[in-house]
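In: what would the 3D arrangement of this be:
(one chain, ligands or ions: 1)
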Amino acid sequence: MLPLDIAGLPPVAAFDVGGEIYVTSNVCTHNVALLSDGFFEGDTIECPLHGGCFNVRTGEATQFPCEVPLQTYPVIVEGGDLYTEIKDH
Ligand code: FES
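Out: Next up is the predicted model:
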């Protein structure tokens with residue numbers, strides 16, 4: 001996994017799941033914690049603060065205390081470069 005800090009945009013992270021790249025918010029929906037400080041295995045990111053989990057493919061919250069889904073973003077890989085569309089709310 002790779003945290004992506006882009007000035008002026010919310011923090012996001014990119015995850016490599018078997019060669020497929022997924023981009024999600026990097027902030028846990030349960031409280032304020034950076035998911036990229038947690039443990040990533042398969043398609044699951046575990047939050048470092050209380051151990052809640054999300055599926056990075058879908059954003060689904062898969063383990064309590066996380067209940068609100070994680071924001072996901074579209075990803076396009078072109079010529080080795082990764083593009084995503086993040087709207088500033
Ligand atoms: S802040 Fe992530 S599980 Fe609580």
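
In: make it CA atoms for all contacts and neighbour counts henceforth
Out: Fine.

In: need the strands for the chain, in chain order.
Out: Listed in chain order, the strands of the chain (DSSP state E) span residues 2-4, 12-17, 20-25, 39-41, 44-46, 53-55, 61-63, 72-73, 75-78, 81-84.

In: buried residues, the third one. List them.
Out: Put plainly, it is strand 20-25. Residues of strand 20-25 classed as buried: Ile21, Tyr22, Val23, Thr24, Ser25 (neighbour count, 16 or more other Cα atoms under 10 Å).

In: and which of those is nearest the ligand?
Out: The ligand lies nearest to Ser25 out of those, by Cα to the nearest ligand atom, at 12.2 Å.

In: what distance do you get for the closest one to Gly52?
Out: With the distance defined as Cα to Cα, to the nearest Å, Ser25 ends up 15 Å from Gly52.

In: excluding chain neighbours, what is closest to the spatially most central residue of the chain?
Out: Nearest residue to the geometric centre of the chain (Cα atoms, centre = their mean): Thr24, 3.1 Å. Nearest residue to Thr24 in three dimensions, chain neighbours excluded: Thr72, at 4.2 Å (Cα to Cα, 6 or more residues apart in numbering).
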